[in-house]
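J.: Here is my input; please provide its structure:
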Amino acid sequence: MKGTKRKSTKNKSFRELLEKYLEIKGLDIVVVLQDGSEVELYKHREIIDDIIVAMDKSKRTQEIPIKDVKSVDMFAA
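T.: Okay, the predicted model is just below:
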């Protein structure tokens, strides 16, 4: 049981931190998924429930579950 609570707290902290970074419009963010693929998040991005919702270059909506995120790389634009 302890491990589950700790993991839940860690996931909540990651979500809160990611949400703060997504609000910074001058920050380029690349999400690395569990399968190793990378997704660049453009300017229009937010977290709804536990899903990252972003628009790609073609103005299509992308939905990425936070549970699928392995790491996040950020760059000052």
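
J.: what sits against the spatially closest residue to His44 that is not a sequence neighbour?
T.: Leaving aside its sequence neighbours, His44 sits nearest to Met55 (Cβ to Cβ, 6 or more residues apart in numbering; 4.3 Å). The way it works is simple: take the backbone N, C-alpha and C, and place the C-beta from them, glycine included. Met55 makes contact with Tyr42, Lys43, His44, Arg45, Thr61, Gln62, according to Cβ atoms under 8 Å, 6 or more residues apart in numbering.

J.: Tell me the buried residues within these.
T.: Listed as buried from the contacts of Met55 are Arg45, Gln62; burial here means 16 or more other Cβ atoms under 10 Å.

J.: pLDDT (mean, whole number) over the strand or helix carrying Ser13?
T.: Using DSSP states H and E, Ser13 maps to helix 2-23. For helix 2-23, mean pLDDT is 76.

J.: what sits up against the helix or strand just after it?
T.: The element immediately downstream of helix 2-23 (helix or strand, assigned by DSSP H and E) is strand 27-33. Residues outside strand 27-33 that contact it (Cβ under 8 Å, 6+ apart) are 21-22, 38-41, 45, 52, 64, 68-77.

J.: Cheers, nothing more for now.
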